[in-house]
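1. when you get a sec, could you give me coordinates for this:
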Amino acid sequence: MLSPSWLLAALPAADPPRADWVEAGFGLYLHWPFCQSKCPYCDFNSHVAASIDQPRWAAAFAAGIARVAARTEGRVLRSVYFGGGTPSLMAPETVAAVLDTVRAMWPVANDWEVTLEANPTSVEAGRFAGYREAGVNRLSLGVQALNDDDLRQLGRRHTAAEAVHAFEIARATFERVSFDLIYARQDQSLVRWQAELDRALALAIDHLSLYQLTIEPGTAFGARFAAGGLRGLPDEDLAADMYDATLERCATAGLDAYEVSNFARSGAESQHNMLYWNGGDYAGIGPGAHGRLTLAGTRHATVSPSAPEIWLQATEADAPAAMVWEPLSGQERAEEYLMMGLRVRQGISLARAQAMGVDPGLSQRIFDASQDGLLEIDGDRVRATARGRLLLNALLRNLLVGESCG
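-> This is a model prediction of the structure:
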């Protein structure tokens, strides 16, 4: 049995700082900030615009990419992710121009993953072939629900039939297609969720993202909830039962939970998201985009202005405000690694966390959590148990600040 006094001290030396991010990979995130309407549960940086000058935006993305590339020359790019907002509002020509710039700036891996998030409306599905021709090789569909009443409650603009049709078009166009569903919705029973999940699994190719509805401050749902509305949300016990049913049914269908909310067949995991969870480097381009980049052995957090017009003007003017760089301390790096790495099935490396500069009290808290059945320790690896994943937010608060899991 490991004891907390030597849990970290007895670990082997970790690789030097540069090798740390090299092993985890290098990717690019591009944020398209526009949507046709704002969903009431969404707290992402998204904006409704009457018109969009797409050539201007393509040029701004190219400029932002070139500036980051000048500081990361020679790195091999493994993944690109178009997120938003609603990237399927981008013209295929805009996507093609961005990817042409990317290929000119970095060498890309032979098996690089290029994902684009899309809404499953008939208009946007009509662009899928154009995205494939531009270089997108993986599509992520924001289905969210497979019945029309709940889609209306969630503020979605598509019907369940449109979603299924769009998925069929995507499946015929791309080798890799994922889609999202939200559960623990208003008045949703366990039986209804199980039936909906079974339908989703019958459609799915190799990947599903299944998220529990969370009520975020600053959203329409958040305001409604604070005012005493938004009735019919499941209690904690029912939400936990839904998560357990999700794990069981996905596993039976051959889609394992490689991350708390993501399920895939072996080899079909989202490589870009794995880069985040494994602490790799990634450039974030676009309004409100965040990045993590290691330069000269120091890892930096980057962030850009959230307002689209402010980001656009700053990028066009090559102003420092277009992307602010902040060095991260070893403790900050370790905390991020812990927060992200415990979400995935493989967990974290204790030696790597130690090399970053962990809080000395973390050793004791890891040991205590393992004794409580929330973590398992296997040599150098620390992973959340099934119970730990269910209580992950509380577990992370305990590990990072010593707050009790309750």
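
2. and Ser178, what helix or strand is that in?
-> Assigned by DSSP states H and E, Ser178 belongs to strand 176-183.

3. after that strand, next one along is what?
-> Following strand 176-183 in sequence order, the next helix or strand is helix 190-203 (DSSP H and E).

4. now whichever helix or strand comes after that next one: buried residues?
-> Downstream of helix 190-203, the next assigned helix or strand under DSSP H and E is strand 207-212. Within strand 207-212, the residues that qualify as buried by neighbour count (16 or more other CB atoms under 10 Å) are 207-210, 212. Yep, even glycine has a C-beta here, placed from its N, CA and C like the rest.

5. what angle do strand 207-212 and strand 176-183 make?
-> Orientation check (axes from the mean of the first three to the mean of the last three CA atoms, to 10 degrees): strand 207-212 against strand 176-183 gives 20 degrees.

6. what comes into contact with strand 207-212?
-> Residues outside strand 207-212 that contact it (CB atoms under 8 Å, 6 or more residues apart in numbering) are 140, 176-184, 197, 200-201, 239, 242-243, 246, 250, 255, 261-265, 268-270.

7. give the other helices and strands that the top strand by length along the chain contacts.
-> Longest among the strand segments of the chain by residue count, using DSSP state E, is strand 108-118. Contact partners of strand 108-118 among helices and strands, from 3 or more CB pairs under 8 Å, 6 or more residues apart in numbering; DSSP states H and E: strand 77-84, helix 92-105, helix 128-134, strand 138-144, helix 271-277.

8. what does that strand rub up against?
-> So strand 108-118 is contacted by 76-84, 86-88, 90, 95, 99, 102, 124-125, 128, 131, 135-142, 166, 170, 176, 270-272 (CB under 8 Å, 6+ apart).

9. now those residues: which count as buried?
-> Members of these classed as buried by 16+ other CB under 10 Å are 77-84, 86-88, 90, 95, 99, 102, 124-125, 128, 131, 135-142, 166, 170, 176, 270-272.

10. in stretch 371-378, what's buried?
-> In terms of neighbour count (16+ other CB under 10 Å), stretch 371-378 has its buried residues at 374-375, 377.

11. distance of the nearest residue to Gly64 once chain neighbours are set aside from His207?
-> In this structure, Gly64 finds its nearest non-sequential neighbour in Ile285, 4.3 Å apart by CB to CB, 6 or more residues apart in numbering. Taking CB to CB, to the nearest Å as the measure, Ile285 and His207 are separated by 25 Å.

12. one more: Ala268?
-> For Ala268 relative to His207 (CB to CB), the value is 5 Å.

13. what do those two both touch?
-> Listed as contacting both Ala268 and His207 by CB under 8 Å, 6+ apart are Arg176.

14. how far does stretch 301-316 stretch from start to finish?
-> This stretch, stretch 301-316, spans 22 Å end to end (CA to CA, to the nearest Å).

15. could you give the mean pLDDT of that stretch?
-> Averaging pLDDT along stretch 301-316 yields 96.

16. try stretch 94-106
-> The pLDDT scores in stretch 94-106 average 98.

17. over to stretch 233-243?
-> For stretch 233-243, mean pLDDT rounds to 93.

18. can you give the distance from it to the centre of its chain?
-> In terms of CA atoms, centre = their mean, to the nearest Å, the centre of stretch 233-243 is found 23 Å from the chain centre.

19. same question, stretch 44-63
-> Using CA atoms, centre = their mean, the offset of stretch 44-63 from its chain centre is 21 Å.

20. ok, now stretch 369-388?
-> On the basis of CA atoms, centre = their mean, stretch 369-388 sits 23 Å off its chain's mean C-alpha point.

21. now the end-to-end length of that stretch.
-> Length of stretch 369-388, first residue to last, CA to CA: 9 Å.

22. do the same with stretch 364-377
-> Length of stretch 364-377, first residue to last, CA to CA: 13 Å.

23. just to revisit the earlier point, which elements pack onto the strand holding Ser178?
-> In terms of contacts (3+ CB pairs under 8 Å, 6+ apart), strand 176-183 is packed against strand 138-144, helix 160-173, helix 190-203, strand 207-212.

24. and Gly218, which of those is closest to it?
-> When these are compared by CB to CB, strand 207-212 sits nearest Gly218, at 17.9 Å.

25. partner strands of that closest one and their direction?
-> Strand pairing for strand 207-212, using DSSP bridges, gives strand 176-183 (parallel), strand 262-264 (antiparallel).

26. buried residues in the last one?
-> So the one you mean is strand 262-264. 262-264.

27. between these, which sits nearest Ala296?
-> Nearest to Ala296 among the buried residues of strand 262-264, counting by CB to CB, is Asn262 at 33.3 Å.
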